[in-house]
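**Student:** sequence unknown, structure follows:
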């Protein structure tokens, strides 16, 4: 009988892809609404942990590590998208043109410089929440 749990490499790939989708969704909603969405890392954490469990990852340390890493990756990607948007608005360019011109280095630097203590604290809280939700065994009904 085949193992019902997904393989570790496939879980890593799925987490990275889903994290980028969650980060893009976070940025899209925040930019569309014009609001900062400071509690978004907590929502991303719940989505990340729930998706890993839905994919069949067993509760425990590996799944908790994947959930926390995915939450941090989604937050980093969203912050990079916000940084590109900031530079595009300042330079009067289209989003994709700005992304091509400034490159990854400047994108990361603008994203890093725009973070404050609240952003970092909520992102770490989200990663912790994701790890706890992924570590915990579901209660039998």
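**Tutor:** Yep, that arrived. Keep in mind that this is a model prediction, so the values were computed, not measured.
**Student:** Report the contact partners of the residue nearest the centre of the chain.
**Tutor:** Compute the mean C-alpha point of the chain, and by C-alpha atoms, centre = their mean the closest residue is residue 74, 1.4 Å away. By C-beta atoms under 8 Å, 6 or more residues apart in numbering, the contact set of residue 74 is 19, 20, 22, 23, 26, 41, 44, 48. From N, CA and C alone the C-beta is placed, and that goes for glycine too.
**Student:** Check the closest residue to the fifth one other than its chain neighbours and give its pLDDT.
**Tutor:** The one in question is residue 26. Spatially, and ignoring its direct neighbours in sequence, residue 26 is nearest to residue 78 (4.3 Å; C-beta to C-beta, 6 or more residues apart in numbering). If you check residue 78, the pLDDT there is 97.
**Student:** for residue 89, same thing?
**Tutor:** 94.
**Student:** shift numbering so it begins at 463
**Tutor:** OK, 463 is where the count begins now, so the last one is residue 551.
**Student:** Which strand or helix spans it?
**Tutor:** Element membership of residue 551, judged by DSSP states H and E, is helix 523-553.
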